[in-house]
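Enquirer: task: produce atomic coordinates for the following.
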Amino acid sequence: MSEKDQQQAAAVEADAAGRGGLSQSELDELVASSDTGGRSATGGVGIFLAMTALAWSLFQLWIASPIPFIVGWGVFNDTETRSIHLAFAIFLGIAAFPAARTKFQLALGVIVPVLLAYLFMTGAKDDTATWWIPLVALAIVACVLLGSPKDRIPLWEWALGIVGAAAALYIFVYYREISERVGAPNLQDMIVSVVGLMILLEATRRALGPALMIVASVFLIYTVLGPVMPDIIAHKGNSLSEIANHQWITTEGVFGIALGVSTSFVFLFVLFGALLDKAGAGNYFIQVAFSLMGHMKGGPAKAAVVSSAMTGLISGSSIANVVTTGTFTIPLMKKVGFSSEKAGAVEVASSVNGQIMPPVMGAAAFLMVEYVGIPYFDVVTHAFVPAVISYIALVYIVHLEALKAGMEGLERAYVPKPIVQRLIGIAFTIAFICGLSLVVYYGMGWLRPAFPETAGYIIFAVLTLVYAALLRVGSKEPPLKLDDPNAPVTKLPLPGPTIRSGLHFILPIVVLVWALMVDRLSPGLSAFWATAYMIFILVTQRPLMAIFRGESRFANDVADGFRDLLDGLVVGARNMIGIGIATATAGIIVGAVSQTGVGSALADVVEVLSGGNILAILFLTAILSLILGMGLPTTANYIVVSALLAPVIVTLGQQNGLIVPLIAVHLFVFYFGIMADVTPPVGLASFAAAAVSGGDPIKTGVVAFFYSLRTAALPFLFIFNTELLLINVTWVQGIFVFVVATIAMLLFAAATQGWFMAKNRFYETIALLLIAFTLFRPGFWMDMVYPPYSQEAPSELAAAAADTPAGENLRLRVSGVNDLGDPIEFVALLPIGEGATGEEKLENAGLVTRIDGDKMIVDDVLFDSAAQNAGLDWDQEVIRVLKPVYQPSKYLMFIPALALLLLVIVLQRGRSARAQRKTSAA
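Expert: Sure thing, here's the model as predicted:
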């Protein structure tokens with residue numbers, strides 16, 4: 001978190017501590033300063049900024065739609081769209097975010113341009129003119145020092161924003177000329193690159209705080225000063241022309257994959273969420289959660305978790321989620337007995353978890369698609385189980401807190417039906433939904449081949465009829481309004497009318513999920529169709545609802561609908577400023593890593609620090625993610641750490657015999673990146689929650705951290721047990737894994753909270769942790785009792801292959817050299833092929849070996865064979881053969897675990913019963 005954010009959060013928190021909370025306008029200002037821009041320019045300037053944001057949204061909708069290809073105009077390639085996208089982001093980043101006037105901010109705004117100017121001049125070749133570089137730096141320094149009022153945009157900032165946007169547009173304007181001189185930038189290219197890099201860093205400082213600016217600057221410094229670095233990370237150093245070409249003129253740096261994902265996917269999902277929230281879906285989710293769960297023990301806190309999870313479906317911002325749901329949930333949590341700090345911590349833990357909730361995942365899902373190289377559907381599939389388990393565990397934590405404090409829920413406004421009647425109703429509802437899903441699925445499957453040209457129009461017509469019917473149902477219920485959470489008595493809304501009042505909000509989400517999961521459209525096109533349908537709903541819901549209620553003012557209602565649409569388009573674009581700038585600046589870091597080869601050097605550093613221990617490597621990665629996340633937004637943190645350490649974990653894991661799927665490593669990095677929003681002393685989400693609750697922000701962050709321990713434990717578990725990510729499991733196995741992992745996480749939560757059925761004794765806490773670990777990873781104990789592999793001498797390779805069934809993996813411990821010629825050892829998983837003998841099986845797997853003295857040498861590896869895919873290559877030495885042997889089912893370890901759990905239950909039930917008898921006697 002930046003110093004600006006810290007001071008602002010501290011100020012609002014101090015104010016809240018005296019008054020018990022903030023006004024809505026103050027909370028809106030807090031969100032704006034962090035997400036959409038704190039400058040409140042009015043009049044013509046404000047209108048111009050809104051029109052610029054609107055133009056950005058319309059441009060993104062245009063390039064995502066099929067219209068340009070239909071009309072044959074306005075078709076841009078990926079590089080051109082990234083250029084325009086960044087131009088909007090830089091201009092709005094300068095215009096919407098005033099420069100902070102703290103001494104630290106001013107110092108950074110002056111030092112970084114001057115330092116980079118000196119380094120760029122140092123890196124320039126003798127025949128390159130450098131007189132212009134100090135002028136660029138001095139111009140930016142002058143813009144910083146001249147001042148930056150919050151209520152208007154001074155002339156020098158107009159110039160800074162326009163020049164920055166022009167530098168970003170340079171690739172678009174001169175695309176053809178640049179393509180003809182690839183790798184040989186001229187003076188004009190270098191001037192534009194230096195100007196662009198410096199202004200991008202200034203925009204980063206304004207919109208995201210100093211941390212990301214500092215990290216990116218350090219990598220630029222490292223790029224130039226490679227020869228003077230310590231030997232372990234030294235490199236030849238890069239000249240100004242090489243840096244300009246790599247970072248700005250090509251798509252290796254700023255305009256790389258991260259900015260491409262922001263342009264193609266992320267913007268549309270953020271826009272979709274903004275439009276859905278503008279239509280009233282955010283309020284609807286909160287009300288539904290409260291109507292269903294508010295009556296339970298600690299009900300408002302449970303409802304806060306569920307509403308934050310639903311809000312997380314449409315929002316990628318932790319602080320916006322905290323403020324959106326927290327203004328209503330936190331006072332109600334306090335009302336039923338939660339302290340200010342615990343109420344804020346529950347909201348923080350649930351809101352931050354919104355970023356791990358598919359399908360949006362705070363933009364990380366789309367970055368993983370590009371970095372891991374797997375389809376979006378697979379990313380969401382792998383991320384689903386840990387996210388849901390984490391939310392279920394948080395509901396349980398809230399339940400335990402309520403049990404410890406003897407809390408009750410809020411008063412219901414209705415008499416509940418008998419439990420049997422409710423279960424029958426739930427069963428019929430589930431059966432109806434399943435039947436409807438089957439009809440829709442197979443109906444759509446029949447419709448597309450039957451009417452290939454008009455299927456889209458028919459589907460839209462059917463959706464519109466369903467939409468009109470749901471609006472008709474909703475019109476019979478009163479409009480949803482949030483109760484005053486500070487009122488002395490609050491009755492919960494009725495579940496039925498509350499749910500029926502906004503069922504039409506589900507339709508655009510259905511369109512999105514259907515396009516992504518069933519039609520398997522690209523994420524960008526899926527988001528476009530969902531957004532297009534959301535626009536249709538936003539424009540029509542007011543007039544149609546008014547007609548159904550007999551209150552129609554058609555012209556005014558239509559005008560209000562279009563006004564909501566314009567506001568949503570503007571808000572969506574302003575929500576994207578930080579993400580657009582963050583992905584571009586993170587591209588500087590990624591570009592420096594690829595240009596200098598620091599990744600391989602970092603692998604050596606990490607291996608030395610960890611001693612080659614995979615668990616130590618994971619802890620180092622987690623700590624680095626937390627440290628970087630304290631100042632970097634989640635998206636940028638994920639990009640940086642995944643670029644630096646994800647390959648290191650995979651490589652070192654393989655060298656230590658642990659084959660870690662790349663998606664597991666990327667999810668590991670991402671989970672610890674979002675933990676930084678919680679972790680004190682700089683968790684901005686904790687400051688925002690404290691501003692609402694009137695509690696202490698540091699205490700709120702500490703409590704939220706303990707509530708979030710379940711989120712911190714999950715990454716370590718799914719690294720070692722990839723079944724949690726539904727990797728290589730069937731549907732039946734997936735359901736089994738989900739149920740068992742949920743139980744394990746609930747037991748882990750009970751252990752960390754010190755309460756299960758009664759207050760835990762220390763040995764019960766240890767037992768619960770042991771049981772949870774066993775349920776999560778039963779293979780750990782079974783491997784100790786029955787090792788899954790027997791070690792064989794290299795000379796027994798053929799015999800081991802003969803004993804291994806076709807399709808099974810034979811593990812080979814191999815020594816060789818890496819791409820840099822350094823010696824390495826690693827474990828290769830060799831899938832055994834068909835064959836009558838061991839030699840035939842090895843040949844069918846693509847491996848040919850020879851005996852050289854007492855060594856087994858890889859003599860040949862067939863191209864694109866299983867052996868090559870396993871990492872085997874010529875002249876490597878097979879050191880050891882690990883042959884799979886019979887092992888009983890690892891799930892047998894559940895028997896002693898469940899027996900121990902039964903013992904804990906008996907002990908705690910007995911203690912709880914005695915306590916109740918004493919209370920009754922008293």
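
Enquirer: now do the helix of greatest length in the chain: distance to the chain's middle.
Expert: Across the chain, the longest stretch assigned as helix under DSSP state H is helix 419-450. Centroid separation for helix 419-450 versus its chain: 31 Å, with CA atoms, centre = their mean, to the nearest Å.

Enquirer: likewise for stretch 181-200?
Expert: 32 Å.

Enquirer: can you dump the C-alpha atoms of it in CSV for me?
Expert: What follows is stretch 181-200 as a C-alpha-only set of coordinates in CSV (Å, rounded to 0.1, in the frame of the first residue of the first chain):
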residue,chain,number,x,y,z
ARG,A,181,13.0,-2.2,-38.7
VAL,A,182,12.5,-4.9,-36.1
GLY,A,183,15.4,-5.0,-33.6
ALA,A,184,16.9,-1.8,-34.9
PRO,A,185,15.2,1.2,-33.2
ASN,A,186,16.1,4.7,-34.5
LEU,A,187,16.4,7.8,-32.4
GLN,A,188,12.7,8.6,-32.6
ASP,A,189,11.9,5.1,-31.3
MET,A,190,14.3,5.6,-28.3
ILE,A,191,12.9,9.1,-27.5
VAL,A,192,9.3,7.8,-27.5
SER,A,193,10.3,4.7,-25.4
VAL,A,194,12.1,6.8,-22.7
VAL,A,195,9.2,9.2,-22.5
GLY,A,196,6.7,6.4,-22.4
LEU,A,197,8.5,4.5,-19.7
MET,A,198,9.0,7.5,-17.4
ILE,A,199,5.4,8.7,-17.8
LEU,A,200,4.1,5.2,-17.2
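
Enquirer: re the thing from before, helices or strands next to the helix or strand following the longest helix of the chain in the packing?
Expert: Counting by DSSP states H and E, the next helix or strand C-terminal to helix 419-450 is helix 455-475. Applying 3 or more CB pairs under 8 Å, 6 or more residues apart in numbering; DSSP states H and E, we find helix 455-475 packed against helix 419-450, helix 506-513, helix 523-549. Where you see a C-beta, it was placed from the backbone N, CA and C, and this is true even at glycine.

Enquirer: so of the ones you listed, which one's packed in deepest?
Expert: Mean neighbours per residue, mean count of other CB atoms under 10 Å, is largest over the helices and strands packed on helix 455-475 for helix 523-549, with a mean of 21.

Enquirer: averaged pLDDT, that helix. What do you get?
Expert: Mean per-residue pLDDT for helix 523-549: 90.

Enquirer: V261 sits in which helix or strand?
Expert: helix 257-261.

Enquirer: list the helices and strands that helix packs on?
Expert: The contact analysis (3+ CB pairs under 8 Å, 6+ apart) places helix 257-261 against helix 78-96, helix 364-372, helix 577-596.

Enquirer: the helices in the stretch 551-700 of the chain, which residues?
Expert: 554-575, 577-596, 598-610, 614-629, 634-655, 662-675, 684-693, 697-707 (DSSP state H, counting those that start in this stretch).

Enquirer: pLDDT weak spots in the stretch 51-200 of the chain?
Expert: Judged by pLDDT under 70, the stretch 51-200 of the chain has its weakly predicted residues at 101-102, 125-127.

Enquirer: Throw the helices and strands packed on helix 257-261 into a markdown table and include mean neighbour count, thanks.
Expert: Shown next, in a markdown table, are the helices and strands packed on helix 257-261 (neighbours: other CB atoms under 10 Å):
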| stretch | mean neighbour count |
| --- | --- |
| helix 78-96 | 25 |
| helix 364-372 | 24 |
| helix 577-596 | 27 |
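
Enquirer: quick one: closest of those helices to A469.
Expert: The minimum distance between A469 and these falls on helix 364-372, with 32.5 Å, by CB to CB.

Enquirer: rounded mean pLDDT for the closest one, please.
Expert: On average, helix 364-372 scores 80.

Enquirer: what does that helix rub up against?
Expert: Helix 364-372 is contacted from outside by 257-258, 260-261, 264-266, 269, 355, 358-359, 374-376, 379-380, 383, 523, 634-635, 638-639, 642, 646, 662-663, 666-667, 670, using CB atoms under 8 Å, 6 or more residues apart in numbering.

Enquirer: out of those, which end up buried?
Expert: Those of the contacts of helix 364-372 that meet the buried threshold are 257-258, 260-261, 264-266, 269, 355, 358-359, 374, 376, 379-380, 383, 523, 634-635, 638-639, 642, 646, 662-663, 666-667, 670, by 16 or more other CB atoms under 10 Å.

Enquirer: give me the residues contacting the helix holding V261.
Expert: Residues from elsewhere that reach helix 257-261, judged by CB under 8 Å, 6+ apart: 78, 82, 85-86, 251, 363, 366-367, 369-371, 580, 583-584, 586-587, 590, 635, 639.

Enquirer: apply 7 Å and report the result again.
Expert: Identification of contacts with helix 257-261 by CB atoms under 7 Å, 6 or more residues apart in numbering yields 78, 82, 85-86, 366-367, 370, 583-584, 586-587, 590, 639.

Enquirer: what's the closest of those to R710?
Expert: Using CB to CB, those come closest to R710 at L367, 24.2 Å.

Enquirer: report the separation between that closest one and L54.
Expert: Distance, L367 to L54, using CB to CB, to the nearest Å: 26 Å.

Enquirer: same check, this time on G282
Expert: Taken as CB to CB, the span from G282 to L54 is 21 Å.

Enquirer: looking at these two, which is more packed in?
Expert: Neighbour count, other CB atoms under 10 Å: between G282 and L54, G282 has more, with 22 against 16.

Enquirer: that one against T311, yeah?
Expert: Yes - between G282 and T311 there is a contact at 5.9 Å, judged by CB atoms under 7 Å.

Enquirer: neighbours of L769, how many?
Expert: By the criterion of other CB under 10 Å, L769 has 16 neighbours.

Enquirer: which element is it on?
Expert: According to DSSP H and E, L769 maps onto helix 762-776.

Enquirer: can I get that helix as CSV, trimmed to CA atoms?
Expert: The C-alpha coordinates for helix 762-776 follow below in CSV (Å, rounded to 0.1, in the frame of the first residue of the first chain):
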residue,chain,number,x,y,z
PHE,A,762,-4.4,-28.2,23.7
TYR,A,763,-4.2,-31.9,22.8
GLU,A,764,-7.6,-31.7,21.1
THR,A,765,-6.3,-28.9,18.9
ILE,A,766,-3.3,-31.0,18.0
ALA,A,767,-5.5,-34.0,17.2
LEU,A,768,-7.8,-31.9,15.0
LEU,A,769,-4.8,-30.5,13.1
LEU,A,770,-3.5,-34.1,12.6
ILE,A,771,-7.0,-35.3,11.5
ALA,A,772,-7.3,-32.4,9.0
PHE,A,773,-3.9,-33.1,7.6
THR,A,774,-4.6,-36.8,7.2
LEU,A,775,-7.9,-36.1,5.4
PHE,A,776,-6.2,-33.6,3.1
